[in-house]
Structures are given as C-alpha cells and as structure tokens.
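Student: here is my input; please provide its structure:
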Amino acid sequence: MDSFFAPESGEYLYSLAAVFSLAAYVFSNIFWLRVFLIIAAVLYIITGLTLGLTSMTNWNIAYLVINFYHVILIIYNKSTVLLPDDIKDIYKQSFTPLSTREFKKIVMTNPYHIYKKGEKIMTEGEIPNELFLLLSGKASVVVSKNEIATISSGDFIGEMSFISKQTASADVFAKNELLVAYWTHADLNKLEQKNTHIYNRFLTIVGRDLVKKLQRKNLQSSNKYTL
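Tutor: Below you'll find the predicted structure:
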C-alpha cells in the first residue's frame with residue numbers, strides 16, 4: 001500500500017491522468033468526453049493524495065462533481081419516456097434524432113395554438129413570427145383561392161419563411177379544428193443558449209421537413225409557392 005502512494009506512483013498516475021484528459025477532447029460526443037474527464041479527475045485526485053498536493057486534490061474533486069452531474073443529466077435526458085399514441089406517431093415520423101424525453105421537453109411542454117375550421121394560420125405576403133408544428137388536424141395551402149397542398153400532423157408550417165425571414169407566398173387555412181405547437185425566434189434563441197446540441201438536432205429536423213416539401217414541390221413543378 002505504501003508503494004502505491006510512493007512519489008514514483010504519483011508521477012505515473014499523473015501521466016496516466018494527462019493521457020485521459022487529452023483523449024477526452026478527441027471525442028465529439030459530449031457524453032464520452034465527460035466520462036473520460038471523470039476518469040482523469042479520479043486519477044488526478046489519487047495523484048494529489050499520493051504526492052501530498054492538496055490543491056490538485058481539491059480542484060479535481062470539484063471537476064469530478066461537475067462532470068459527474070452532467071453525465072447523469074445526459075443519461076436522464078436520453079432516457080425513454082412514454083408518449084401518447086398520437087404524439088408517438090409524430091415522434092417516429094420526424095423527431096427520432098431527439099430522445100423521447102428531449103422531444104417531450106421542447107414540443108409537448110411548448111405553447112400551443114388551437115385553430116378552428118377555416119381560420120387562417122399564415123397570410124401570403126407576410127413574414128411569419130412563429131414556426132408551427134401541426135400536432136393534429138389538417139391545414140390547406142392556398143394560392144389565388146386554389147388549394148395546392150395539404151399539410152398533415154407532424155409537418156411544420158412556414159419553416160422556410162420563418163428561417164429566411166421572407167414573406168410567405170401562400171395562405172394557410174385550417175381544414176378542420178387543429179392543434180399546433182409554435183416557436184418564436186426568441187424561443188429558439190433561448191434553446192440554442194441553453195442546449196446547443198438539442199438546438200442543432202431540432203434545426204436538422206426542420207431542415208428535413210423542408211427538403212421533403214421541396215421534393216414534393218419538384219414533383220408538382222407547375223405550383224409555385226413558398227411556405
């Protein structure tokens with residue numbers, strides 16, 4: 001036991017801890033980065049005890065606690081939660097890059113709008129202030145009083161105009177009573193500041209929906225509209 005706490009052992013442990021610290025930054029995955037930093041902190045703590053370096057021990061106890069907390073938080077956010085059947089279909093359709101818990105946090109706890117049949121959701125020529133996600137019901141895309149597309153649950157409404165801050169070139173009406181979740185630019189800015197990884201995955205999901213609509217538009221090239 002005494003040989004383990006010999007100065008030579010402390011120097012060896014210090015070098016090993018440095019290797020884990022360096023290796024941590026090789027990972028782009030934040031979970032494994034923090035796991036390796038935890039291992040490094042433990043080794044630094046043992047090194048500090050071995051060499052009698054109180055400051056090294058105390059600082060790395062703090063690093064250990066911080067990284068351990070974030071690892072537990074990551075595991076918690078990645079854990080599966082049960083979703084209602086109708087919402088589960090929307091999750092499977094587009095939101096699998098997020099965990100069910102992350103999906104619930106940014107979608108199911110988000111503000112909602114309820115639109116009655118015939119009510120206008122978006123107006124041609126106006127820049128939308130909100131990004132909509134249709135949770136239930138159907139919406140009609142109208143140009144020159146002609147319906148050119150139908151939007152169903154799980155689809156975003158107005159993502160191109162919202163992201164580009166350009167005017168919409170179509171009106172959107174509720175075909176029946178529908179429920180939408182919505183985000184303002186301020187909401188997404190808060191999400192980016194709070195959790196960049198979830199924000200980036202959310203933008204990826206919005207982008208996929210946009211690509212799907214552009215592909216649909218190419219199949220109907222005679223219809224010139226932008227939502």
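Student: just the helices in this structure please.
Tutor: For the chain, the helices defined by DSSP state H cover 7-24, 30-51, 54-78, 85-94, 100-103, 159-164, 185-194, 196-219.
Student: would you mind splitting this protein into its domains for me?
Tutor: For the chain, automatic domain parsing gives the domain ranges 7-78, 85-219.
Student: mind putting those into TSV with mean pLDDT?
Tutor: As requested, these are arranged in TSV below (pLDDT from 0 to 100):
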stretch	mean pLDDT
domain 7-78	88
domain 85-219	87
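Student: residue 146 is nearest to which of the helices of the chain?
Tutor: When the helices of the chain are ranked by distance to residue 146, counting by CB to CB, first place goes to helix 196-219 at 15.2 Å. C-beta coordinates here come from the backbone N, C-alpha and C atoms, glycine included.
Student: quick revisit: including mean neighbour count and distance to residue 177, could the helices of the chain go into JSON lines?
Tutor: Formatted as JSON lines, the entries for the helices of the chain read as follows, by neighbours: other CB atoms under 10 Å; distance: least, CB to CB, whole Å:
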{"stretch": "helix 7-24", "mean neighbour count": "16", "distance to residue 177": "51"}
{"stretch": "helix 30-51", "mean neighbour count": "19", "distance to residue 177": "41"}
{"stretch": "helix 54-78", "mean neighbour count": "14", "distance to residue 177": "33"}
{"stretch": "helix 85-94", "mean neighbour count": "15", "distance to residue 177": "14"}
{"stretch": "helix 100-103", "mean neighbour count": "19", "distance to residue 177": "24"}
{"stretch": "helix 159-164", "mean neighbour count": "18", "distance to residue 177": "22"}
{"stretch": "helix 185-194", "mean neighbour count": "13", "distance to residue 177": "24"}
{"stretch": "helix 196-219", "mean neighbour count": "14", "distance to residue 177": "22"}
